[in-house]
Structure formats: structure tokens, C-alpha cells
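*Asks:* Sequence and computational prediction follow.
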Amino acid sequence: MDQKIYVQIENKSLIPFFDLDKDSFRELNLTTIQDYQRTAVVTLYTRDAAGLDLRLKQYTIKPIPKAKAGVPKIGLSTQKSGYRRVDVELSLNGKQVITDRIRLPGAGRRLLLFLLILVFALLLGLGGYFLFTRLQTSSNSLSTAEVSRTPAVRRETTSPAPAPPPSRQTVPAAPAVEEQTPPRVSSPAAEDRETVETTVKEETGQAPAVPPSPLEQVLYFTPDSAVLTAETRAALDRLLPELRRYREAEITITGHCAPHGTEKGRQELSELRAEGVADYLRQNGIDVQPAHVRGIGAREPVTMQTEEQYLNRRVEIVIAAGE
């Protein structure tokens, strides 16, 4: 996986901007490309191991004050804030308009999962080898004990008696079964088998603490409302088993709203939506940290089409590994 972030402006070619291996902070000055341009779209990409472009985030800056091309100043800055995590800030004429935090996908967890599976396979193989060795040793002990008891049984059965002596096949049969079955002979192998089986169950039964890759859930709301609908609650109920399964994962809840009304009202509504979802999860036993619950108003709309504004009235839940 590439360790660089590329920036694309208005569907132009990708420009290398930030290197996670070398950079801790970078700034880039952008501007408009048309006279009186009112909207600018800034898209961030990375590249996978095959060199394919993977879109990380797309930001829309609007409205831009009317001016000649090249006059408005759009600032893009990124700062490394953790392992494969970057804080992004966009400004217009020196005023901050968008802040965000993005996480680059990585193959580290896949490698860790492969190593865990490999270690488990080795442990399972070693357990099987020791179990086979114990069983073979126990079998040899049984054969030795059977041979040592055969003469004594023969002497007993050949003593004078009204009935004829038993045949050779029947002499060791009954004593061998009855005398070789006490717990003290077979218990070492049985105990080892139980120990191996218990160890395997304990190792395979343990659920992963975090998901191998980030999980996302989007919930939608009615206009000008932060009330959880029956459909929203049902979606959260379906998500609860995953949240309980990944008990050490970091849960991030971000509220959004449609670009209507005042900026203050949009911010408050987005925060109420995020807090409502967080409270519902806490009531169901999920630990949601207040620092990971936020509202960002209408700064990250999915669409600007009037008939599709329901897509902007949403809360996004991301379940991923923490620091």
C-alpha cells in the first residue's frame, strides 16, 4: 500500500502531496481555475499495492466569493496525527471552512491475522504430534502388559478341572480387556487429549478485539429532527452484536445535516443527532467515548441536489482499531 496522499482538483491529474513516511505537516495553496467560480471540489487519493487510485475523501468548498480566476485563496493543510491517520484542514481566504480526520487503509492487520493463523496452525500441529506420541506410548504399554499376564492366565486355566482348558485364542481375550481398562493406564493420554482440546477451543473461541478493516454504518433522519425513528433504532439493534464483538475498537460517531438554515442551527442539529445515537448505544452497554462524538453541520454534504437532501440528514458510525 502506498504511503502517500495525492490531491486532485476539479478532476485534474493527481499531485503527490503528503508522504506518511517522511512528512508530519504539509501545506498547499490552491485557487480557482475559472472567473467567478463559486464552487471548488478537492479530492484526496492514495494508491494500493497494484498502483490503483483509491479515493479517501472529497471536499466541496462553497460558496466562493465572486472573483477572477486565481484570486480566491484556498488552503489545504495536512498533519499526521497517528498511525496511518491524518488531520485535514481546508481554508478559504485564510478562514477555516472544513476540518476532517482520515485514516489510510493498510495491510498491517492482514499480515498480523496471517501470522496468528500460522502460529495457531503450528500449535495445533505440535499438539497433534504430542497426542499421537502419548497414544503410541500408551498402546505399547498395553501390549507389554498383555504379554506379561498371558503365562499366569494360562497356568490358571490349565489346572485340573472338570471342563477342558480354554483354547489359545480365549486365554488372553477376557483378561486383556478387563485388566487393561483401569483409568490409571489410559488416563495420561486422555488427560493430554482433554488439555489439547481445551487449549484449541480457548484459542479458536476468542473473538477478535478489533475489526480487520473499518466498518461503517449510515443512519438517516427526518428534516429538522434528531429523533431516532423506529427504522433507525432497528438498524442500531442490528449493529449491536458487531460492536460487542469488537470490544476494543474505536467507535466514531459524526452527525450531519442538510445545508439549510443558519450555520449555528446546522451545527447544533448535527451534534444532537450524533449524541442521540451515542446515548442509544450507551444504553445498550456500548462504551462510546465523548471525544469521538461530534457534529459538523453541513460541511460535508453527500449531494447538493434538492430532491436528494435526505442523504445529507445522516449520522455516520465508523468502527475501527484505535491507537
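*Replies:* Thanks, I have the structure now.
*Asks:* And stretch 245-260, end to end?
*Replies:* 38 Å (C-alpha to C-alpha, to the nearest Å).
*Asks:* From the chain's centroid, how far away is that stretch?
*Replies:* 15 Å (C-alpha atoms, centre = their mean, to the nearest Å).
*Asks:* Check which helix or strand L54 maps to.
*Replies:* Assigned by DSSP states H and E, L54 falls within strand 53-61.
*Asks:* which parts of that strand are buried?
*Replies:* Buried positions in strand 53-61, judged by neighbour count with 16 or more other C-beta atoms under 10 Å: 56-57, 59-61. To be clear about C-beta, it is placed using only N, CA and C from the backbone, and glycine gets the same treatment.
*Asks:* Tell me the strands beside that strand, with direction?
*Replies:* strand 40-47 (antiparallel) (DSSP bridges).
*Asks:* which outside residues touch the partner strand?
*Replies:* 1-2, 4-11, 14, 17, 30, 32, 53-62, 64, 74, 76, 88, 90, 102, 104-105 (C-beta atoms under 8 Å, 6 or more residues apart in numbering).
*Asks:* repeat for stretch 255-264
*Replies:* Contacts of stretch 255-264 (C-beta under 8 Å, 6+ apart): 223-224, 266, 269-275, 277, 294-298, 300-301, 304, 309, 312-316.
*Asks:* So for it, first residue to last residue, what's the gap.
*Replies:* 14 Å.
*Asks:* ok, now stretch 282-296?
*Replies:* End-to-end for stretch 282-296, by C-alpha to C-alpha: 21 Å.
*Asks:* Okay, buried residues for that stretch please.
*Replies:* In stretch 282-296, counting by 16+ other C-beta under 10 Å, buried: 286, 288, 293-296.
*Asks:* what sits against D35?
*Replies:* Contacts of D35 by C-beta under 8 Å, 6+ apart are 67-69.
*Asks:* element containing it, please.
*Replies:* Applying DSSP H and E, one finds D35 in no helix or strand.
*Asks:* for I74, what are its contacts?
*Replies:* 29-32, 40, 42, 61, 90-92.
*Asks:* If you could redo that for T78, that was the one I meant.
*Replies:* Contacts of T78 by C-beta under 8 Å, 6+ apart are 5, 17-18, 23, 25-26, 86-89.
*Asks:* Just the buried ones from those residues?
*Replies:* 5, 17-18, 23, 26, 86, 88.
*Asks:* Check those and tell me the two furthest apart.
*Replies:* Among the buried ones among the contacts of T78, the pair separated by the greatest distance (C-beta to C-beta) is D23 and V88, at 13.2 Å.
*Asks:* what about A258, distance to P65?
*Replies:* 23 Å (C-beta to C-beta, to the nearest Å).
*Asks:* of those two, who's got more company?
*Replies:* Set A258 next to P65 and count neighbours by other C-beta atoms under 10 Å: A258 wins out with 24 against 12.
*Asks:* Can you classify the more buried one by secondary structure?
*Replies:* coil (DSSP: H, G, I helix; E, B strand; the rest coil).
*Asks:* Please report phi then psi for it.
*Replies:* Per-residue torsions, A258: phi -70, psi 150 (degrees, to the nearest 10).
*Asks:* Reformat the buried residues of stretch 282-296 as CSV; add secondary structure and distance to Y36.
*Replies:* Putting the buried residues of stretch 282-296 into CSV (DSSP: H, G, I helix; E, B strand; the rest coil; distance: C-beta to C-beta, whole Å) gives the following:
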residue, secondary structure, distance to Y36
I286, coil, 49
V288, coil, 45
V293, strand, 39
R294, strand, 34
G295, strand, 32
I296, coil, 28
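*Asks:* in the stretch 201-323 of the chain, which spans are helices?
*Replies:* For the stretch 201-323 of the chain, the helices defined by DSSP state H, counting those that start in this stretch cover 230-245, 263-283.
*Asks:* What is the burial count for the closest residue to A274 other than its chain neighbours?
*Replies:* Distances taken as C-beta to C-beta, 6 or more residues apart in numbering place G255 nearest to A274, at 3.3 Å, with adjacent residues excluded. Residues within reach of G255, counting by other C-beta under 10 Å, total 29.
*Asks:* now do L281
*Replies:* 19.
*Asks:* Contact partners for it?
*Replies:* 236, 240, 243, 251, 288.
*Asks:* out of the residues you listed, which are buried?
*Replies:* 236, 243, 251, 288.
*Asks:* now, which of the residues you listed sits nearest L123?
*Replies:* Using C-beta to C-beta, those come closest to L123 at L243, 29.9 Å.
*Asks:* Least confident secondary structure element in this protein?
*Replies:* One helix or strand of the chain scores below all others by mean pLDDT, DSSP states H and E: helix 170-179, with a mean of 36.
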